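> Let me see the structure of the following:
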Amino acid sequence: MLAAARTPGGDRAGAGLRKALVVTQFGIAVALMIGTAVLFVQTRHVQQADIGFGRDGLIMLSGYGDAALDAGQRARLVDAMRKTRGVAGITTSGVVPGGGTFAIAKMKRAGAIGEPPMIVQATVGEQFFDTYRARLLAGRIFDADRFALDVGNSGTGSTAVAGRVANIVLNHTAAERLGFEQANEAIGQIVSLDGATVRIVGVIADMRFGTPREPVEAFAYSYRPGGGYRAIVVIRTSADPGTVLGRLETTWRRIAPAVPPAATTVDQKLYDSYYRQDVQRSRLFTAGAVLAVAIGCLGLYGLAAFDTMRRVKEIGIRKVLRASTSDVMQLLLVQFLKPVLLANVIAWPIAWFAMSHWLSGFDDRIGLSPGYFVGASVLALVIAAATVASQAWRVARAEPARALSQFWETQACVFLVEGAWSAASRQTARARSSTIRSSIDSGIAPASSTSWKCFRSKRSPAIALAFSRARSQAAWPIL
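So this is what the prediction gives:
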């Protein structure tokens, strides 16, 4: 029997190549689905995670730190914005989400050994911790009306006020780096900060003003009236931030028309600074995964079409031997889904390695749960099963006599077409096809009244191949 009749479209090597391509396509698709899921969940996590302060309803106006504004304009701006409808709180500070102005210096605890840790020095104004809704872990926050030493020195080291011990507030990371196991252990302790002596009066929970890819810095907050050098205004709203932002810009233009307010919400600032690239990357991965799944489904559908055509006789015989439709469907689906299962085995370690490496770049990250891998694999199997189900159902529902008839008709067509390659083989081909037709007429596979129309059609891949090969010959006899 000819190879084209045994396996339409090629021999065993061709069938193996088709399966290898399907495995590769679905392997890429599954890996991309896993990556897309991890990217999406991690991006949502960093956007919704607790970052130590209430980011919702915060508006920042960076123009407040513009050197073109004088002290009188700044005072009028703060007073006018505080009275604006929808404003629940207002503060100024050198450090803000996404950046700001700050210094870095060494802080040493009395009696500590080893290299002192580097601490970020941030200046803050009135109601800073209340406006940001920071969580107090121990001690208290600044209250300059009751405690004169809450107002920080104008400088450090040689420029600090001699003998004056100003108060500071640390975040949890700074307290840990100084060696305090509990936050309350730091309260009242006197430490050296860049040559000046300061007292710790409070410890707050870490506020992540920077990227989620890096650990939270150790902060020492000092109080300055007006927020310190190049301070920025941050406002807490009690209404829709977009509406309040418009009112604030109107107020700003009335008092300082020559200086742009550079107003935005803190959420938007964080998104633009730290989250936008990961969101865009997750969208690209989603598009790539959808495309890869579509290509994999096309390859699997083609493989199913070839395999069902090749196994028409086998399925007919199984039906004659009382195999049920469900039995045949199960047989075909298992056969078609084997490449997809193999693709999962290949995709899992690749996806795990790639996503572990990507997540390691985040300080605040999700766990790489097995659910992502199982979910992607189940989805791939469902999509693959839906892709080949129509082919498997059509063949499984076929009547045994019709299936065998179709098989013998295909062989007759192939023998007749391929027999036209040369005059010598033409007679042999017609004789063999006559034998096949006799088998059909004798009841092995009854032929319908239109059964022999396939001689001039190309419905079967085997027939199409035979016609194509025959056309390449110099002589083309009429069948």
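> neighbours around the residue nearest to residue 184 when sequence neighbours are not counted, how many?
Take residue 184 and drop its neighbours on the chain: the residue closest to it by Cβ to Cβ, 6 or more residues apart in numbering is residue 138, 4.2 Å away. C-beta here means a position set from N, CA and C on the backbone, and glycine is covered the same way. Using other Cβ atoms under 10 Å, residue 138 has 19 neighbouring residues.
> Can you name the residues that contact residue 138?
Counting by Cβ atoms under 8 Å, 6 or more residues apart in numbering, residue 138 makes contact with 182, 183, 184, 186, 187, 202, 203.
> Now flag whichever of those is closest to residue 78.
residue 202 (24.2 Å; Cβ to Cβ).
> Flag every buried residue along the helix or strand containing residue 254.
Residue 254 is part of helix 241-255 when elements are defined by DSSP states H and E. Neighbour-count burial for helix 241-255, counted by 16 or more other Cβ atoms under 10 Å, picks out 241, 244, 245, 247, 248, 249, 251, 252, 255.
> got the contact list for the helix or strand following that helix?
Where DSSP H and E defines the elements, the next helix or strand beyond helix 241-255 is strand 263-265. Residues from elsewhere that reach strand 263-265 (Cβ under 8 Å, 6+ apart): 58, 59, 60, 61, 62, 63, 241, 245, 248, 249, 252.
> switch the cut-off to 10 Å
The contact list for strand 263-265, computed with Cβ atoms under 10 Å, 6 or more residues apart in numbering, reads 55-64, 98, 233, 235, 237, 241-242, 244-246, 248-249, 252, 271-272.
> Now the element after it, going C-ward?
Once strand 263-265 ends, the next helix or strand along the chain (criterion: DSSP H and E) is helix 266-270.
> quick check, distance from that next one to the centre of its chain.
Its chain's C-alpha centre lies 20 Å from the corresponding centre of helix 266-270 when counted by Cα atoms, centre = their mean, to the nearest Å.
> quick one: the strands in this protein?
58-61, 87-93, 95-96, 99-100, 103-109, 118-124, 136-139, 166-171, 190-193, 196-204, 219-223, 232-237, 263-265 (DSSP state E).
> per-residue confidence for residue 365?
With respect to pLDDT, residue 365 scores 89.
> how many other residues sit next to the closest residue in space to it that isn't next to it in sequence?
Nearest residue to residue 365, sequence neighbours excluded (Cβ to Cβ, 6+ apart): residue 359, at 4.7 Å. Around residue 359 sit 15 other residues, with neighbours defined as other Cβ under 10 Å.
> any idea how far residue 139 is from residue 58?
24 Å (Cβ to Cβ, to the nearest Å).
> okay, the two: which has more neighbours?
residue 58 (24 against 18).
> ok, so what distance separates that one from residue 131?
Distance of residue 58 to residue 131, computed by Cβ to Cβ: 8 Å.
> same deal with residue 265?
Taking Cβ to Cβ, one finds residue 265 at 14 Å from residue 131.
> circling back to that earlier point, would you list the buried entries among the contacts of residue 138?
Neighbour-count burial (16+ other Cβ under 10 Å) applied to the contacts of residue 138 gives 183, 186, 187, 202, 203.
> can you give me the helices in the stretch 251-400 of the chain?
Per DSSP state H, counting those that start in this stretch, the stretch 251-400 of the chain carries helices over the ranges 266-270, 276-310, 312-320, 325-359, 370-396, 400-418.
> For the second one, name the packing helices and strands.
Using 3 or more Cβ pairs under 10 Å, 6 or more residues apart in numbering; DSSP states H and E as the contact criterion, the neighbours of helix 276-310 among helices and strands are helix 12-48, helix 325-359, helix 370-396, helix 400-418, helix 461-471.
> what's the neighbour count on residue 386?
Neighbour tally, residue 386, other Cβ under 10 Å: 10.
> go on, residue 26?
Residue 26 is flanked by 30 other residues according to other Cβ under 10 Å.
> Equivalent analysis for residue 145, please.
8.
> Could you report the separation of it from residue 223?
Taking Cβ to Cβ as the measure, residue 145 falls 11 Å from residue 223.
> Need the overlap of contacts for those two.
residue 126.
> Can you pull the poorly scored residue ranges out of this structure?
Low-confidence segments of the chain (pLDDT under 70): 1-15, 153-163, 305-326, 328-329, 391-392, 394-479.
> sorry, back to before: save the strands of the chain as CSV, and put in distance to residue 51 too.
Converted to CSV, the strands of the chain look like this (distance: least, Cβ to Cβ, whole Å):
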stretch, distance to residue 51
strand 58-61, 11
strand 87-93, 16
strand 95-96, 13
strand 99-100, 15
strand 103-109, 21
strand 118-124, 16
strand 136-139, 16
strand 166-171, 12
strand 190-193, 25
strand 196-204, 13
strand 219-223, 14
strand 232-237, 15
strand 263-265, 15
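> Identify whichever of those lies nearest to residue 379.
Of all these, strand 263-265 comes closest under Cβ to Cβ, at 36.1 Å.
> Adjacent strands (with direction) for that closest one?
Using DSSP bridges, the strands paired with strand 263-265 in its sheet are strand 58-61 (antiparallel).
> List of residues touching the strand it pairs with?
Contacts of strand 58-61 (Cβ under 10 Å, 6+ apart): 77, 81, 86-87, 89-90, 92-93, 96-98, 100, 131-133, 232-237, 241-242, 244-245, 248-249, 252, 260-270.
> Got a ChimeraX select line for the buried ones in those?
Selection of buried members from the contacts of strand 58-61 for ChimeraX, criterion 16+ other Cβ under 10 Å:
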select :77,81,86,87,89,90,92,93,96,97,98,100,131,132,133,232,233,234,235,236,237,241,244,245,248,249,252,261,263,264,265,266,267,269,270
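> before we move on, back to that, joint contacts of residue 58 and residue 131?
Common contact partners of residue 58 and residue 131 (Cβ under 10 Å, 6+ apart): 89, 234, 235, 236.
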